[in-house]
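Enquirer: Quick one, fold the following:
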Amino acid sequence: MKRLLAIVTLLSIGFGASCTAQPSAAYLAKRDAFVVGLMKKMTLDEKLGQLNLVVGGEATTGSSVSTDVETKIKAGKIGGIFSISTPSRIRKTQELAVNQSRLKIPMIFGMDVIHGYKTLFPIPLGISSSWDMGLIEKMARISAIEASADGICWTFSPMVDIARDPRWGRIAEGSGEDPYLGSQIARAMVKGYQGKSYAETNTIMACVKHFALYGAAEAGRDYHTTDMSKVRMYNEYLPPYKAALDAGAGSIMASFNDIDGIPATANNWLLTDLLRRQWKFKGMVVSDYTGITEMVNHGLGDVQTVAAKALMAGNDMDMVSESFVNTLGKSLKEQKVTQAQIDLACRRVLEMKYDLGLFTDPFRFCDENRAKTEIFTAEHRAEARKAAGKSFVLLKNDKQTLPLAKNGTIALIGPLADNKENMAGTWSVSGDFTKCVSVEEGIKNVAGNVTILKARGANIYSDARLDANVSIFGKPTNRDPRSDADMIAEAVATAQKADVIVAALGEAAEMTGEASSRSDISIPENQRDLLKALVKTGKPVVLVLFTGRPLALPWENENLPAILNVWFGGTEAGNAIADVLFGDVNPSGKLSATFPRNVGQIPIYYSHKNTGRPYGGNGTDFQKFQSNYLDVPNSPLYPFGYGLSYTSFEYSELTLSKKTLAMAVPKDVVNVSVTVKNTGNFDGEEVVQLYIRDKVRSITPPVKELKGFQKIMLKKGESKTVSFALSVEDLKFYNSALNFVAEPGEFVVFVGTNSQNVKEAMFTLNK
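Expert: Sure, this is the predicted structure:
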């Protein structure tokens, strides 16, 4: 420790780089002097050790687990470790590096803090449905406060992959289908995690993932290949990554999939040409879990070969596979990699540690007092409850079935009615699931005068094997050994004694997430059989729908009076669900991903392009020789941006400040205004959404593109005028030469309550 402090004093180290702005020249010069001086003292093995990221054992996302970690730390062969926590354990682990390794270089400690740390918020797809950037930033800020209080300084989040195939389980981890909304959320999350400066001990470094295109995996099957044009990449899939990096994200993670036939982990075009040269990214790149050695299965060569390819492409840190530390020395001797390439990767890792202040104080995130007072606080839980309530999407509410009265008798039915653990959702590795609030507990807390009659009604799956597949990671489904018929009979008998039925059904938490792809995205058949039996009782049925993906719900939509999509709400899920069921909170969530009618419509998304023979029917009739299906309408069941409220909103016609926009006039704008009135009986929030269509351009345009939104609060009877300023920048796109341009011509502007239900007007962009 004395030797480390001597180095620090000698070089007058300083840290505290801004997380959002370009660091000052003085700061960069000081960092450069320190890193260069340290690297001159390092052996090849010590440099390779900095490129080695291992798992600590508390949680893993793959089949490989790091071994003999303590010995490797002492030998300087580990640069970072993830999935361990608590200040005491991290301090003890850090002491091995700074007291017993030759150069005393501290390690970085990471964790998958995806939608909360100990206080769990809604899954990312759920929180994206809030369309509330302040709320999302606050979620990330609380996550950073709690994680850093427990010794963690690096999170593998945000996941910003655009996903348009709900069969892919990891759609639950992202923000849906739209690049504009996804970009806004990416910025908010980076800002929340990283704060204003790394000098503050309650900030953590963000790691943007998965770079790139992972959400476009073929067939919705995890880890699968991707293939798309660069025009589609630049216009539809890359913007959220770029937005996160522009917001100051300090690191980025390579994805598992291939791009143009080359896995992202070793894709030089992606990691060097695009990321470093075009986007000017200066931070550190880490592989995903064993992503380097997995390239052997891709067919790119043996372990030594793929490790060399990853390094040369621009990968700086190897997560778990240890192929860098084990093979790059040999590759250097054989002139398959260069010393300069190894040094550059090592330098980026050391710069990351410098920025986080670990050379000044390796234990700066190890504060037992903070851990006792800043984690899982009442304030944080209150924010989680608020966030959950704002994420829920009311999909159907015939005859004002909701909100429920706080009296009478409720039949609470379903395998998720009294299951704390599954409220957390996927990717909640650090949470204490036993502290989550169940639906039953929430109803008791919010509506104490209600009589609750319970029945299980169904297991998640009738098939015990499938049930076992999703009863993992501490989230049991508590399978009932009785037959489906027996459970349904009990549920029907229970329902007949009640005034209303609340059915808590859908997916278990681990039916989405990594390696949780589904070919059938409907509610499991045994659960639908239960719903059919409940409907036959004649009692009103409210479906409280748990899901981590868009589901195909045509029967449910046709036959149930009310459907409240609650995603997986986290720690306070049950309380938030009850808040909405009983009207203490008016639902305001809007879908960030389209819900199809059936799996055959996939991929389905609002910003599709017209064909040369676009469908021109009324939405239900078949038209021969047009682009439509024989057996189902083209339209989705629930479109992007859709979500009901207990109140109703009326939109006026659009007003444009002028009909032309001049490309040659700097900062010229067209102001688009609409008046929205709350015409119902409840105060409520509405997400006012603005879309555009470029009528004619050099490459085929989408039918609509989101370009703005505002979430407003309106009291009963209140009206507000909402204005958007459209500039030339909002009209730009990447053309066939990948130049970011706007082209003169006519544009349609749409404003409305979702991507289908809109008012429209037109303006012209002049040269």
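Enquirer: from the chain's centre, how far out does the helix or strand containing Pro240 sit?
Expert: Pro240 is part of helix 239-246, with elements assigned from DSSP states H and E. How far helix 239-246 lies from its chain's middle: 14 Å, per CA atoms, centre = their mean, to the nearest Å.
Enquirer: Compute the mean per-residue pLDDT across that helix, please.
Expert: Taken as a whole, helix 239-246 has an average pLDDT of 98.
Enquirer: same check, this time on stretch 441-450
Expert: 96.
Enquirer: Render the CA-only coordinates of stretch 658-669 in CSV, please.
Expert: The C-alpha trace of stretch 658-669 is given here as CSV (Å, rounded to 0.1, in the frame of the first residue of the first chain):
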residue,chain,number,x,y,z
LYS,A,658,-45.8,28.0,-41.0
LYS,A,659,-46.0,25.7,-44.0
THR,A,660,-42.4,25.8,-45.0
LEU,A,661,-39.0,25.1,-43.5
ALA,A,662,-35.8,26.4,-45.0
MET,A,663,-32.7,24.3,-45.1
ALA,A,664,-30.6,27.3,-45.8
VAL,A,665,-31.7,29.2,-42.7
PRO,A,666,-29.9,28.1,-39.5
LYS,A,667,-32.1,27.2,-36.6
ASP,A,668,-35.3,27.5,-38.7
VAL,A,669,-38.2,25.5,-37.1
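Enquirer: any weak-confidence spans in this protein?
Expert: Applying pLDDT under 70 to the chain flags the ranges 1-18, 20-21, 57-65.
Enquirer: correct me, but Asp668 touches Val728?
Expert: Yes: with contact defined as CB atoms under 8 Å, Asp668 and Val728 form a contacting pair (6.9 Å). In short, each C-beta sits where N, CA and C put it, glycine included.
Enquirer: Now the common contact residues for these two.
Expert: The contact sets of Asp668 and Val728 overlap at Leu661 (CB atoms under 8 Å, 6 or more residues apart in numbering).
Enquirer: who's more crowded, these two?
Expert: In this view Asp668 and Val728 are compared by other CB atoms under 10 Å, and Val728 has more residues nearby, 19 against 16.
Enquirer: Excluding sequence neighbours, find me the nearest residue to that one.
Expert: Excluding its sequence neighbours, the residue lying closest to Val728 (CB to CB, 6 or more residues apart in numbering) is Ala742, at 5.0 Å.
Enquirer: any idea how far the spatially most central residue of the chain is from Pro702?
Expert: Nearest to the mean C-alpha position of the chain, by CA atoms, centre = their mean, lies Gly174 at 2.6 Å. Computed as CB to CB, to the nearest Å, the Gly174 to Pro702 distance reads 20 Å.
Enquirer: per the record, what domains does the protein have?
Expert: For the chain, automatic domain parsing gives the domain ranges 256-337, 378-594, 647-766.
Enquirer: Pretty sure the residue nearest to Val728 sits against Met663.
Expert: Yes: using CB under 8 Å, Ala742 is in contact with Met663, at 6.3 Å.
Enquirer: Give me the common contacts of the two.
Expert: Common neighbours of Ala742 and Met663, using CB under 8 Å, 6+ apart, are Val728, Leu765.
Enquirer: if you count what's nearby, which of the two comes out ahead?
Expert: Neighbour totals were compared for Ala742 and Met663, and Ala742 leads with 19 against 15 (other CB under 10 Å).
Enquirer: sorry, back to before: among the domains of the chain, which comes closest to Ala144?
Expert: Taking CB to CB, domain 378-594 is the member of these nearest to Ala144, at 11.6 Å.
Enquirer: which SS class is Gly110?
Expert: Per DSSP: H, G, I helix; E, B strand; the rest coil, the local secondary structure of Gly110 is strand.
Enquirer: So what's the residue count around it?
Expert: Using other CB under 10 Å, Gly110 has 26 other residues around it.
Enquirer: now swap in Asn297 and tell me
Expert: 10.
Enquirer: Good, wrapping up.
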